[in-house]
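[1] From the sequence below, what's the structure:
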Amino acid sequence: MEENKALFEEAKKALEFAYAPYSHFTVGAALLSASGKIYHGCNIENASYGATCCAERTAIYKAVSQGEREFLKIAVVAGDSSTASPCGICRQVLWEFMPQGEVILEMGQGELAVYKVKELLPLGFELAKDNT
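    As a prediction, the model looks like this:
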């Protein structure tokens, strides 16, 4: 799984840009698109906590705003080396854009675990289908 390790290393690069003056919990993400391009994201906090954006969503929104719509996997890393599992909002956004995709997480001491998005959010909301 050298590809997963490489993507995880890209996620570490995103940590440098995290803005977390309130929680001091920095997170980086690297998103691999179906076209092969990697998009980086970091968490960006705000004094109005609802305006905070997680690293996973930052990466996805950056990619979508540049025309990408299909993604294969995302690696997520915490600055303190703890496991940074995506929050519920991020899990739903991942479901929207990569329901068959993979999430790569560090489980401690450099050990990586890979989860399917649908494992992390088994009953996510789907785009309503027109039945007319």
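[2] switch to C-alpha atoms for all contacts and neighbour counts from now on
    OK.
[3] what about the strands in the protein?
    27-33, 38-42, 71-78, 102-106, 112-116 (DSSP state E).
[4] can you tell me which of those comes nearest to Met1?
    Nearest to Met1 among those is strand 112-116 (9.6 Å), distances taken as CA to CA.
[5] circling back: of all the strands of the chain, which lies closest to Leu123?
    Among the strands of the chain, the nearest to Leu123 by CA to CA is strand 112-116 (12.8 Å).
[6] What mean pLDDT does that closest one get?
    Average pLDDT, strand 112-116: 96.
[7] ok, and what's touching that strand?
    The set of residues external to strand 112-116 that reach it, using CA atoms under 8 Å, 6 or more residues apart in numbering, is 5, 99-107.
[8] What's the PyMOL line that selects buried ones from the residues you listed?
    The following PyMOL line selects those of the contacts of strand 112-116 that are buried, judged by 16 or more other CA atoms under 10 Å:
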select buried, resi 99+101+102+103+104+105+106+107
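[9] is it possible to export the contacts of strand 112-116 to TSV including distance to Leu15 and pLDDT?
    Shown next, in TSV, are the contacts of strand 112-116 (distance: CA to CA, whole Å; pLDDT from 0 to 100):
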residue	distance to Leu15	pLDDT
Lys5	16	95
Pro99	25	94
Gln100	26	95
Gly101	22	97
Glu102	20	98
Val103	17	98
Ile104	16	97
Leu105	14	96
Glu106	14	90
Met107	17	89
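[10] what's the most buried one of the strands of the chain?
    Per residue and on average, the most neighbours among the strands of the chain fall to strand 27-33, with a mean of 28 (mean count of other CA atoms under 10 Å).
[11] Send over that one as PDB, restricted to the C-alpha atoms.
    The C-alpha coordinates for strand 27-33 follow below in PDB (Å, rounded to 0.1, in the frame of the first residue of the first chain):
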ATOM      1  CA  VAL A  27      -5.500  18.400  11.000                       C
ATOM      2  CA  GLY A  28      -4.200  17.900   7.400                       C
ATOM      3  CA  ALA A  29      -5.800  16.000   4.600                       C
ATOM      4  CA  ALA A  30      -4.800  14.900   1.100                       C
ATOM      5  CA  LEU A  31      -7.500  14.000  -1.400                       C
ATOM      6  CA  LEU A  32      -6.800  11.900  -4.500                       C
ATOM      7  CA  SER A  33      -9.100  12.600  -7.400                       C
END
